[in-house]
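1. Model the structure of this input:
(one chain, ligands or ions: 1)
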Amino acid sequence: MTFSTAFTELLPVRHPVVCAPMGGIAGGALAAAVSNAGGLGMVGGGRGEPDWLGRELSLVTESTDEPWGVGFLTWAIGPQAVDQALAHAPRAVLLSYGDPGPYAARVRDAGSLLIVQATDMDEARRALDVGADVIVAQGTEGGGHGGRRATLPFVPAVVDLVGPVPVLAAGGIADGRGLAAALVLGAAGALVGTRFQASHEALIAPGVGEALVKARGEDTERNRVLDIAREAGWPDQYTARTLRNRTLEEWRDREDELRAAPETRRPYREAAARGDLDVAPVWAGEGVDLIPDLRPAAEIVAALLADAEAAVGRASERRQL
Ligand SMILES: Cc1cc2nc3c(=O)[nH]c(=O)nc-3n(C[C@H](O)[C@H](O)[C@H](O)COP(=O)(O)O)c2cc1C
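-> Residues are numbered from 1 along each chain as shown. From the prediction side, this is the model:
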């Protein structure tokens with residue numbers, strides 16, 4: 001059995017699974033591995049750093065003939081990042097966190113699909129207004145940056161708002177049961193980040209994979225502290241879900257103090273540069289309980305599919321009881 005949805009038909013791809021464009025972490029190797037396995041791999045273009053982008057975009061184009069995409073932090077880029085990506089003919093460009101309006105026509109005119117990630121109903125409406133081809137409804141359970149809506153009620157609310165535009169569910173989906181739930185909620189697929197971060201192909205610092213395998217959902221927390229400490233410049237409306245660490249414990253509820261005093265951030269910078277994970281952020285969603293190991297991305301895709309099919313089968317057997 002395979003899942004055929006409005007998303008798989010539009011792209012087209014074999015499976016309704018998208019690897020999130022995790023900035024600097026989802027490089028060309030991860031994106032290509034997911035695409036070759038039948039999902040949609042996405043290069044995490046982040047802030048559009050030209051050298052990184054050039055290298056990883058070349059890698060993905062050399063490594064797959066299947067559709068692939070690229071994503072950006074919309075508030076942090078300019079048109080040149082989108083143009084650099086479009087020159088490599090991605091099947092899709094995903095824009096998150098900010099107004100996609102200035103880039104929508106560029107993406108469409110280049111023949112790529114526009115995917116917009118929304119963290120609340122206003123962003124979902126704006127995505128619809130700019131003509132997004134696919135809209136991601138991202139719940140607060142997700143790893144990395146996002147908003148306050150929970151995946152379970154947010155996904156069907158976005159489906160109702162934007163239909164017939166296909167919706168991808170994101171946030172806390174880390175195994176096949178989550179994928180099955182997303183489809184039952186009316187989504188046309190799932191966008192998965194944290195689970196793919198724990199893959200062989202992800203560009204992660206030493207220790208991050210092991211930390212993800214060890215962590216439980218309650219070890220994660222949405223916060224602004226780590227963005228302030230690393231002077232990341234994020235708009236206030238977005239917080240980031242990370243593993244709890246010493247920096248977070250020390251500065252929780254003291255964000256203004258941290259922001260105001262540059263000298264308080266120096267020890268952070270030095271320890272983060274050494275790769276000390278008790279200081280630097282490990283982005284992680286509540287789905288970490290469901291990550292037992294680090295695996296090749298293709299195996300993650302295959303397991304998501306097989307387990308989703310089994311979960312749907314079990315649910316319909318129960319219906320007949
Ligand atoms: C390590 C990491 C980095 C991320 N970086 C980005 C990013 O650069 N751009 C983006 O649109 N979303 C980013 N996200 C969020 C994902 O797009 C997605 O919404 C989220 O991972 C879904 O929740 P999950 O982590 O529970 O699967 C990131 C997520 C993680 C875990």
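
2. Just give me the neighbour total for the residue in the stretch 201-321 of the chain positioned nearest to the ligand.
-> The ligand sits closest to residue 285 of the stretch 201-321 of the chain, with a gap of 2.7 Å, by C-beta to the nearest ligand atom. From N, CA and C alone the C-beta is placed, and that goes for glycine too. Using other C-beta atoms under 10 Å, residue 285 has 31 other residues around it.

3. Distance check, the closest residue to it other than its chain neighbours against the ligand.
-> Distances taken as C-beta to C-beta, 6 or more residues apart in numbering put residue 143 closest to residue 285, at 3.5 Å, once the chain neighbours are dropped. Residue 143 is 3 Å from the ligand, where distance means C-beta to the nearest ligand atom, to the nearest Å.

4. coming back round to it: got a pLDDT number for the residue of the stretch 201-321 of the chain closest to the ligand?
-> For residue 285, the pLDDT comes out at 98.

5. so what's it up against?
-> With contact set as C-beta atoms under 8 Å, 6 or more residues apart in numbering, residue 285 has these partners: 141, 142, 143, 144, 171, 172, 174, 193, 194, 220, 241.

6. Whichever residue of the stretch 101-250 of the chain sits closest to the ligand: what's it in contact with?
-> With distances taken as C-beta to the nearest ligand atom, the stretch 101-250 of the chain approaches the ligand most closely at residue 193, which sits 2.0 Å away. Residues near residue 193 by C-beta under 8 Å, 6+ apart: 19, 20, 22, 142, 143, 144, 170, 283, 285.

7. how about 10 Å then?
-> Neighbouring residues of residue 193 by C-beta atoms under 10 Å, 6 or more residues apart in numbering: 18-22, 25-26, 42, 44, 138, 142-144, 146, 170-174, 241, 283-285, 287.

8. count of neighbours near residue 264?
-> There are 16 residues near residue 264, going by other C-beta under 10 Å.

9. One more: the one 3 residues further on?
-> A count of neighbours around residue 267, defined by other C-beta under 10 Å, yields 13.

10. now it, what's its secondary structure?
-> helix (DSSP: H, G, I helix; E, B strand; the rest coil).

11. Correct me if wrong: it contacts residue 279.
-> Yes - if you go by C-beta atoms under 10 Å, residue 267 and residue 279 touch, sitting 7.9 Å apart.

12. shared neighbours, those two?
-> Joint contacts of residue 267 and residue 279 (C-beta under 10 Å, 6+ apart) are 229, 247, 250.

13. how about the residues you listed in a markdown table, adding distance to the ligand and secondary structure?
-> Output for the shared contacts of residue 267 and residue 279, formatted as a markdown table (distance: C-beta to the nearest ligand atom, whole Å; DSSP: H, G, I helix; E, B strand; the rest coil):
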| residue | distance to the ligand | secondary structure |
| --- | --- | --- |
| 229 | 17 | helix |
| 247 | 17 | helix |
| 250 | 22 | helix |
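
14. Make a PyMOL selection of the buried ones in those residues.
-> Command for PyMOL that selects the buried part of these, burial taken from 16 or more other C-beta atoms under 10 Å:
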select buried, resi 229+247
